[in-house]
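J.: Please find the sequence and the predicted model below.
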Amino acid sequence: MDQIPVAELLALIVLLLLSGFFSGSETALMTLNRYRLRHEADQGHRGAILARQLLDRPDKLIGLILLGNNFVNILASSLATVIALELGGEGAIAISAGLLTLVILIFSEVTPKTLAALHPELVAYPAAHIYTPLLKLLQPVVWVVNVLSNNLLRLLGVRPDTQQGHALSQEELRTVVNEAGAMIPERSRAMLLAILDLENATVEDIMIPRNEVEGIDLQDTEEEIIAAIKRSNYTRLPLFDGGLDNLVGVFHARNALSVLMDRGKVKEHLRDIARPPYFVPEGTRLYQQLINFQRIKRRVAMVVDEYGDFQGLITHADLLEEIVGEFTTDPADSYPDIHRAEDGGLMIDCTISVRELNRAMRWSLPTRGPKTLNGLIIEYLETIPQPGTSLMLDGHPLEIIQTDDKAVKTIKYFGGAVVGSQ
């Protein structure tokens, strides 16, 4: 056996370290969080800026990394063969090939790639400082490699010059927000998800339905009109003449104070202070309606169907509550349609909207069909049930408590408690 070739062994170790560098940096650069990278680059981080520039042309970057990695691996293999011949002759070549494969796999592939996958910024940013000048130095060789590989891809029907964007879809963004964990407080997450929901919901989903709209009828007597204004819980009231299908306008209760003092001209004054009604189609997206309210400086809109018939009313506050939750100082008042019964069950008014019920109970009832719990139960049973009927609605046990000839009025739920506002 000849003397151990120390210089060749040291050179082999250096080549293995270079192979590990190329392998690990490739994984690190390709697994970087693109949004974090963009943020840090915008903040002026030099490594992030260089890494972002390299990733703008991934074909050049990959070509450079693979060129370097294959070169050092092939050179290491050749050097290992020389060392084997010097130490043990031709019989040691097979042993050296097996040992080199194991060493490259452990120390130049698996270990650096695992480290890079766990801490991509730690590896990628320093590597970007090396790859940037190296890419300029080896630009002619990388260009030849890219031309050959890109033409081969074109023969296979792939166009390398068309990169798929990294923009997130709405559902992907929803997943990101849900998985943010402690980085985003729970209440803020709920608000962000509610904003995303504005694109999927329409004004029909959250409007006050026609049968629940409070307004002032000019056909009533002055005493009835004044009494209705005094007991109203709303600051803006619709004004109609003989029924909701004949809307005159919307007035602010504050502006009606003088009306209460001027008997004999109440109706005339109400007509004078009422603004013309603002109508919106029932299929308008909530996000678009929020923009419309802001654009025209209105806070109340009358919802009509495709035939122009009045269906309900939606306010600016209703839209904001979809994002931030109910405007109330007492959490117990957040959902007046739900209250605790003496036996521990929850009594639920079936006029509650499905969206509000989902928010209150953290359920996932379908929202693309009926808009109220009453409609959902009737659609499920395909009949108006009798009191005492029990059913399992989307996995939630319910008991019918009160009905009439047309609708389910009240149900009882024994499965839990109200979660509360967002």
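T.: Nice, thanks for sending it over.
J.: hey, where'd the helices end up in the stretch 251-400 of the chain?
T.: In the stretch 251-400 of the chain, the helices defined using DSSP state H, counting those that start in this stretch lie at 257-261, 266-273, 286-296, 316-324, 354-361, 373-381.
J.: export the ones you listed to a markdown table and tack on mean pLDDT?
T.: What follows is these, written out as a markdown table (pLDDT from 0 to 100):
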| stretch | mean pLDDT |
| --- | --- |
| helix 257-261 | 70 |
| helix 266-273 | 88 |
| helix 286-296 | 92 |
| helix 316-324 | 85 |
| helix 354-361 | 84 |
| helix 373-381 | 92 |
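J.: A360: neighbour count?
T.: Neighbours of A360 under the rule other CB atoms under 10 Å: 22. Just so you know, the C-beta spots here come from the backbone N, C-alpha and C atoms, and that holds for glycine as well.
J.: State the number of residues packed around the closest residue in space to it that isn't next to it in sequence.
T.: Among residues not flanking A360 along the chain, Y335 sits closest, at 4.6 Å (CB to CB, 6 or more residues apart in numbering). By the criterion of other CB under 10 Å, Y335 has 23 neighbours.
J.: Would you quantify the distance from Y335 to M361?
T.: Separation of Y335 from M361 (CB to CB, to the nearest Å) stands at 9 Å.
J.: again with I226
T.: 40 Å.
J.: pLDDT wise, what is I352 at?
T.: I352 carries a pLDDT value of 89.
J.: quick check: domain ranges of the chain?
T.: Annotated domains of the chain cover 6-155, 201-324, 331-413 [automatic domain parsing].
J.: need the contact list for F240.
T.: G215, I216, D217, L218, N246, L247, V248 (CB atoms under 8 Å, 6 or more residues apart in numbering).
J.: and the last one, that's in a helix?
T.: Translated: V248. No - per DSSP: H, G, I helix; E, B strand; the rest coil, V248 lies outside any helix segment and is strand.
J.: I377 and S390 touch, don't they?
T.: No - between I377 and S390 there is no contact under CB atoms under 8 Å: 11.5 Å.
J.: Wait, a strand at N200?
T.: No - assigned with three-state DSSP, N200 falls outside any strand and is coil.
J.: What about it, how many residues nearby?
T.: 13.
J.: roughly how far apart are it and E322?
T.: N200 is 11 Å from E322, where distance means CB to CB.
J.: cool, and A116?
T.: Taking CB to CB, one finds A116 at 43 Å from E322.
J.: For V141, which residues are in contact?
T.: V141 makes contact with L67, according to CB under 8 Å, 6+ apart.
J.: buried ones in the strand or helix carrying it?
T.: Assessed by DSSP states H and E, V141 sits inside helix 139-155. By neighbour count, with 16 or more other CB atoms under 10 Å as the criterion, the buried positions of helix 139-155 are V142, V145, N146, N150.
J.: ok, back up a step: for the contacts of F240, give me JSON lines that also has pLDDT.
T.: JSON lines is the format used below for those (pLDDT from 0 to 100):
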{"residue": "G215", "pLDDT": "91"}
{"residue": "I216", "pLDDT": "92"}
{"residue": "D217", "pLDDT": "93"}
{"residue": "L218", "pLDDT": "92"}
{"residue": "N246", "pLDDT": "92"}
{"residue": "L247", "pLDDT": "93"}
{"residue": "V248", "pLDDT": "93"}
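J.: In those, which residue is surrounded by the most others?
T.: Highest neighbour count within the contacts of F240, by other CB under 10 Å: I216, with 24 neighbours.
J.: Kindly export stretch 100-113 (C-alpha atoms) in CSV.
T.: Extracted C-alpha coordinates of stretch 100-113, given in CSV (Å, rounded to 0.1, in the frame of the first residue of the first chain):
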residue,chain,number,x,y,z
LEU,A,100,-18.4,8.0,-2.0
THR,A,101,-22.1,7.4,-2.8
LEU,A,102,-22.9,7.0,0.9
VAL,A,103,-20.8,10.1,1.9
ILE,A,104,-22.4,12.3,-0.8
LEU,A,105,-25.9,11.1,0.1
ILE,A,106,-25.4,11.9,3.8
PHE,A,107,-23.1,14.8,3.9
SER,A,108,-23.7,16.5,0.6
GLU,A,109,-27.4,15.9,-0.1
VAL,A,110,-29.7,14.9,2.8
THR,A,111,-28.0,16.9,5.6
PRO,A,112,-27.6,20.2,3.8
LYS,A,113,-31.0,19.9,2.1
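J.: Which residues outside it are in contact with it?
T.: 16-17, 19-21, 23-24, 27, 73, 76-77, 80, 123.
J.: Among these, give me the pair with the biggest separation.
T.: A80 and V123 (26.1 Å; CB to CB).
J.: Can you tell me the strand partners of the longest strand along the chain and which way each runs?
T.: Counting residues, the longest strand in the chain under DSSP state E turns out to be strand 396-403. Applying DSSP bridges to the sheet, strand 396-403 is found paired with strand 390-393 (antiparallel), strand 408-413 (antiparallel).
J.: Deepest-packed of those strands, please.
T.: Burial of the strands paired with strand 396-403 is given as mean neighbour count (mean count of other CB atoms under 10 Å); strand 408-413 ranks first at a mean of 21.
J.: Convert that strand to PDB, retaining C-alpha atoms only.
T.: Output in PDB follows, covering the C-alpha atoms of strand 408-413 (Å, rounded to 0.1, in the frame of the first residue of the first chain):
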ATOM      1  CA  VAL A 408     -91.300  27.200  11.900                       C
ATOM      2  CA  LYS A 409     -91.100  29.800  14.700                       C
ATOM      3  CA  THR A 410     -88.800  28.400  17.400                       C
ATOM      4  CA  ILE A 411     -86.500  25.400  17.800                       C
ATOM      5  CA  LYS A 412     -84.400  24.100  20.700                       C
ATOM      6  CA  TYR A 413     -80.800  23.000  20.500                       C
END
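J.: ok, for A180, nearest residue in space, not its chain neighbours?
T.: R189 (6.5 Å).
J.: Go ahead and confirm the one you found touches T175.
T.: No - here R189 lies out of contact with T175, judged by CB under 8 Å, at a distance of 11.8 Å.
J.: Would you mark the buried spots in stretch 217-233?
T.: So, applying 16+ other CB under 10 Å, buried residues of stretch 217-233: D217, L218, I225, I226, I229.
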